[in-house]
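S.K.: I would like the atomic coordinates for the input below:
(chains A, B, C and D)
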Protein chains: 2
Amino acid sequence: MSDRKNLERVVPIGVLAEQTGVKVETIRYYEQVELLPPPERTEGNQRRYGRRHVERLAFIKHARDLGFSVDSIRTLLKLSDNPELPCDQAHAISVAHLGEVRHKIARLRSLEKELERIAATCSGGVSACDCAIIEALADHSQCAHH
Amino acid sequence: MSDRKNLERVVPIGVLAEQTGVKVETIRYYEQVELLPPPERTEGNQRRYGRRHVERLAFIKHARDLGFSVDSIRTLLKLSDNPELPCDQAHAISVAHLGEVRHKIARLRSLEKELERIAATCSGGVSACDCAIIEALADHSQCAHH
DNA sequence: ATACAATCTGAAGTGACTAGAGGTTCAAGA
DNA sequence: TCTTGAACCTCTAGTCACTTCAGATTGTAT
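M.R.: This is a model prediction of the structure:
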């Protein structure tokens, strides 16, 4: 039984960081804000993580990459820890987030258009422009969006 | 001449906020970080803004809406204040920013796709899912992006 | 004259980390 | 076994672009 503990690969924080692509400092931060439960420690007080931690951190990383807030992730994790709870909440969070993402995309597209226009008017020749970019930024009226 | 001062509509901070869509606190913050020059004050120490301030703040607002950092805006404003300086910098800033915007759009598109997939697997029925969203977030391998 | 909304300052809080100081522990080579 | 030196520890403070708050003062309409 103490064998089993040794068979599960138990890793220090640096290895966990490498495996998940989350920085060491960020891992400690996640522990501090109670996203990641405190792991076991060595005699010398160093963190040692098991497979559960790797999985949980991967979940967190993935969700953060998808743009979920730490707070949403906390809820999602609570749901995943207690499967008896209804998953309506998880669905609601995802759908809300999808809405936000779409909204952001739409806004960025129109910004892209405007930046293209602005950057094109002054194509970098030092002489000819004086200065279209600044004028464009000053003059909101040329701007196409809503 | 003191007439002229009265003819230019001189407005308190709340009105400036309303006219530009920038919050009162944010205006004071911009003054603090030297984006907006300190305006005149009344006897009782309240800020009174003129047309120049309205224009400058509109410039700042527009640039912020476009996602330029406060630091970039500081540079842009310096260029616009000193038209004798080459506008290469302004162009470089815009082009760099356009690159960033395009990158963000690309990332958000792939996130949108994934969120759609995730949200679709659990369409909100309380019973059938246990819970696809959480599984999807836990399992990075299903994820399509690089 | 009085009420009350708007304004003032300065400090602290937000989110999600990131960086640094100053000390301790672990693992590998001599 | 001893000794490096990389990795680890805690705690504090800094980042960005604001936002919020407390507590005091001012401007304006009745």
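S.K.: where does the residue nearest the centre of chain A land in three-state SS?
M.R.: For chain A, the residue sitting closest to the mean C-alpha position, by C-alpha atoms, centre = their mean, is residue A:64 at 2.7 Å. Of the three states, residue A:64 takes helix according to DSSP: H, G, I helix; E, B strand; the rest coil.
S.K.: what's the burial count for the closest residue to it other than its chain neighbours?
M.R.: Using C-beta to C-beta, 6 or more residues apart in numbering or on different chains and skipping the chain neighbours, the partner closest in space to residue A:64 is residue A:73 (7.0 Å). All C-beta spots, glycine's among them, are computed from the backbone N, C-alpha and C. Burial of residue A:73 is recorded as 21 neighbouring residues (other C-beta atoms under 10 Å in any protein chain shown).
S.K.: what sits against residue A:73?
M.R.: The contact partners of residue A:73, by C-beta atoms under 8 Å, 6 or more residues apart in numbering or on different chains, come to A:35, A:59-60, A:63-64.
S.K.: using the three-state scheme, assign it.
M.R.: Looking at residue A:73 with three-state DSSP, the answer is helix.
S.K.: now do residue A:36
M.R.: Assigned with three-state DSSP, residue A:36 falls in the coil class.
S.K.: what pLDDT is listed against residue A:70?
M.R.: Per-residue confidence (pLDDT) for residue A:70: 90.
S.K.: these two touch, right, it and residue A:36?
M.R.: No: taking C-beta atoms under 8 Å as the definition, residue A:70 is not a contact partner of residue A:36, at 11.1 Å.
S.K.: who's more crowded, these two?
M.R.: residue A:36 (22 against 14).
S.K.: what sits against the residue nearest to that one when sequence neighbours are not counted?
M.R.: Nearest non-adjacent residue to residue A:36, counting by C-beta to C-beta, 6+ apart: residue A:30, 4.3 Å away. With contact taken as C-beta under 8 Å, 6+ apart, residue A:30 is in contact with A:22, A:36, A:57, A:60.
S.K.: and if you look at residue A:11?
M.R.: A:19, A:48-49, A:54.
S.K.: follow-up on the earlier one: list the buried residues in the helix or strand that contains the residue nearest to residue A:36.
M.R.: Following DSSP states H and E, one finds residue A:30 within helix A:24-32. Neighbour-count burial for helix A:24-32, counted by 16 or more other C-beta atoms under 10 Å in any protein chain shown, picks out A:26-27, A:30-31.
S.K.: got the end-to-end distance for stretch A:79-94?
M.R.: Stretch A:79-94 has an end-to-end distance of 13 Å (criterion: C-alpha to C-alpha, to the nearest Å).
S.K.: brain fart, stretch A:42-57
M.R.: 20 Å.
S.K.: identify each buried residue in it, please.
M.R.: Per 16+ other C-beta under 10 Å, stretch A:42-57 contains these buried residues: A:47, A:49, A:53-54, A:56-57.
S.K.: next one: it, is it in contact with chain B?
M.R.: Yes: applying C-beta under 8 Å from any C-beta of the partner chain, one finds stretch A:42-57 in contact with chain B at residue A:55.
S.K.: mind listing what residue A:20 touches?
M.R.: A:54, A:57-58, A:61.
S.K.: thank you, goodbye.
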